[in-house]
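Enquirer: got a sequence here, can you build the structure:
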Amino acid sequence: MGKKRERHQNPEPFLTDDTNKSVSKKRNKPAKQHQSEEKLISAGMSSKILKEALIQQKEIQEETDAQNPNNIVFPEEPVTQAQVDEDDDVDNFAGFSDNHSQFGGCEEEINEDEEKLLEAFFSKDARPQRTLADVIVEKIKEKDTASSGLSAVTQPLPKLDDSIIEIYKSVGEIFKKYTSGKLPLAFKSIPAKQHWEELLYLTEPEKWSPNAMYQATRILASNMSSKKVERFYKFVLLPRIRQDIRKNKKLHFALYQALKKAVYKPAAFNKGILFPICESRTCNLREAVIIGSILQKVSIPPLHSSLALMKLAEMEYGGTTSYFIKLLVEKKYALPYRVVDAMVAHFMRFCEDSRDMPVIWHQSLLAFMQRYKHELTKDQKDELNYLVKKQRHKMVTPEILRELHNSRNRGEKEDDLMSISSPISVINKTIEEDRFDIPDVPMEED
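Expert: Numbering: from 1, shown residues only. Presented below is the predicted three-dimensional model:
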């Protein structure tokens, strides 16, 4: 016979007395006050809280109305949870590794013949890109003019203390060699300063490292208004990006991430980066491909994209403008009729142009027809028919004509396929049933 198994009296034999004591202490821990006493707020106290909240809300509304006397409504810029989590702690930045130091991948999309053709649309008398240094020098000249009595309207620049100048110059020295880690507190306080441009100028942004430019873009885009960030994009970030692309034929990965972070403020991105580089009429195809990849990857609100398309359609054509138009059209937004009409007027401007239009121009017209052919009026389609007779491409123009002819006009609805023929209409007729006229159902014999 087998041995009988001994039963242990202690169900947990491997626990010592100390652990038993700790477990009992945890179980016997008294409940907290808010757990043991669940008391409701009295009616009088809740009314006082609501009254105080209404007073604070009224004060906030009065401050907002004072800053915006004309009651202009600006579109809200969406903030995703990923952006909130990413911007919680700036000092956790660990830097970018050397393996991802530059952004490439645009070499296959660059066609040298196409780039030479686009140069025909470059501005011959284009001015060099303005930087923050140019803006500050102009302000200093205005200050000198105002002090001499020639202009009393211009506000003179503030006189900065020598200690403040030394602090921000030292910040600039840190940013020249910055790779990762904590940022100086003096730089984090720049968004709250009234004369932030002058303080930023003292740090010499043109000499910052790429990682420092990325961190600066994160901080300023998160803590400054769209109007102020637009100036930072236009006079600091954009010149640095164009300089890096033209020097290295690529874009440093940290600068590419800074450009991606700049879309956090869509209105400032359009006015500070997209519009200036198109208005300069010196944007080459490589710059357009790199900046355009941001438009492809990042989600932009429809209202901002519609305004961007309308502005690009109305400005003077610069060759690579068609590339940005094509990217925005391919995002497939529901555009207002006003924007669609502006796009048609944009293409019709080239009806009598004697220059050979680049392939990207024909591709942008094809993308527009594929997406918005049903939003065009009959007169607009006749105009576009005349346009493609003047501006032709052996491969793209037949596709444009096919899209143009196989579309309905604006305001027309799709044909009701269910009412085309009588046999189909019979299907839509309500079936009348007689509950007494039931056919015999054969039953299986037992």
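
Enquirer: alpha carbons only: can I get stretch 315-333 in PDB?
Expert: As requested, the backbone C-alpha atoms of stretch 315-333 are provided in PDB (Å, rounded to 0.1, in the frame of the first residue of the first chain):
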ATOM      1  CA  MET A 315       0.200  83.800 -56.200                       C
ATOM      2  CA  GLU A 316       2.700  84.200 -59.100                       C
ATOM      3  CA  TYR A 317       3.700  80.900 -60.500                       C
ATOM      4  CA  GLY A 318       7.100  79.600 -59.600                       C
ATOM      5  CA  GLY A 319       7.500  76.200 -61.100                       C
ATOM      6  CA  THR A 320       7.600  74.000 -58.000                       C
ATOM      7  CA  THR A 321       4.300  75.600 -56.900                       C
ATOM      8  CA  SER A 322       2.600  72.900 -58.900                       C
ATOM      9  CA  TYR A 323       4.200  70.200 -56.800                       C
ATOM     10  CA  PHE A 324       2.700  71.600 -53.600                       C
ATOM     11  CA  ILE A 325      -0.700  72.100 -55.300                       C
ATOM     12  CA  LYS A 326      -0.600  68.400 -56.400                       C
ATOM     13  CA  LEU A 327       0.200  67.200 -52.900                       C
ATOM     14  CA  LEU A 328      -2.600  69.200 -51.300                       C
ATOM     15  CA  VAL A 329      -5.100  68.100 -53.900                       C
ATOM     16  CA  GLU A 330      -4.100  64.400 -53.400                       C
ATOM     17  CA  LYS A 331      -5.100  64.700 -49.700                       C
ATOM     18  CA  LYS A 332      -8.700  64.600 -51.000                       C
ATOM     19  CA  TYR A 333     -10.300  67.300 -48.900                       C
END
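
Enquirer: what residues of it count as buried?
Expert: 317-330, 333 (16 or more other Cβ atoms under 10 Å). Heads up, the C-betas are built off the backbone N, CA and C, glycines and all.

Enquirer: same check on stretch 352-365?
Expert: M357, P358, V359, I360, W361, H362, Q363, S364, L365.

Enquirer: quick check: end-to-end length of stretch 341-357?
Expert: 21 Å (Cα to Cα, to the nearest Å).

Enquirer: which residues sit against that stretch?
Expert: Applying Cβ atoms under 8 Å, 6 or more residues apart in numbering, the contact partners of stretch 341-357 are 117, 120-121, 309-310, 312-314, 317, 325, 335, 361, 365, 368, 372, 376, 380, 383-384, 386-387, 390-391, 393.

Enquirer: just the buried ones from those, in PyMOL syntax?
Expert: To isolate the buried ones among the contacts of stretch 341-357 in PyMOL, judged by 16+ other Cβ under 10 Å, type:
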select buried, resi 117+121+309+310+312+313+317+325+335+361+365+368+372+376+380+383+384+387+391+393
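
Enquirer: other SSEs contacting the helix or strand that contains Y201?
Expert: Taking DSSP states H and E as the criterion, the element that holds Y201 is helix 196-202. The contact analysis (3 or more Cβ pairs under 8 Å, 6 or more residues apart in numbering; DSSP states H and E) places helix 196-202 against helix 132-147, helix 162-176, helix 226-232.

Enquirer: that older thread, quick check, nearest of the buried residues of stretch 352-365 to G292?
Expert: I360 (10.7 Å; Cβ to Cβ).

Enquirer: from R338, how far off is the closest one?
Expert: Counting by Cβ to Cβ, to the nearest Å, the gap from I360 to R338 is 25 Å.

Enquirer: in helices only, show me the buried residues of stretch 352-365.
Expert: Under the assignment DSSP state H, the buried residues of stretch 352-365 contribute V359, I360, W361, H362, Q363, S364, L365 to helices.

Enquirer: can you tell me how far P336 sits from S305?
Expert: Shown here: P336 relative to S305, a distance of 11 Å by Cβ to Cβ.

Enquirer: please apply the same query to G172.
Expert: Taking Cβ to Cβ, one finds G172 at 36 Å from S305.

Enquirer: now K378
Expert: With distances taken as Cβ to Cβ, K378 is found 27 Å from S305.

Enquirer: look at the two and report which has more neighbours.
Expert: S305 (21 against 10; other Cβ atoms under 10 Å).

Enquirer: so that one sits against K331, correct?
Expert: Yes: counting by Cβ atoms under 8 Å, S305 touches K331, with 6.4 Å between them.

Enquirer: please, where are all the strands along the stretch 151-300 of the chain?
Expert: Applying DSSP state E, counting those that start in this stretch to the stretch 151-300 of the chain gives strands spanning 251-252.

Enquirer: what's the most distant pair in the buried residues of stretch 315-333?
Expert: With distances taken as Cβ to Cβ, the most widely separated pair in the buried residues of stretch 315-333 is G319 and Y333, at 23.9 Å.

Enquirer: contact partners for R240?
Expert: P205, E206, W208, M213, L255.

Enquirer: spell out which residues make up each domain of the chain.
Expert: Domain segmentation of the chain under automatic domain parsing yields 82-298, 303-408.

Enquirer: wait, C283 sits on S322?
Expert: No: counting by Cβ under 8 Å, C283 does not reach S322; the two are 11.3 Å apart.

Enquirer: show me what counts as buried in stretch 232-244.
Expert: F232, Y233, K234, F235, V236, L237, L238, P239, R240, I241, R242, D244.

Enquirer: look through this structure and tell me its longest helix.
Expert: Under DSSP H, the helix in the chain containing the largest number of residues is helix 43-67.
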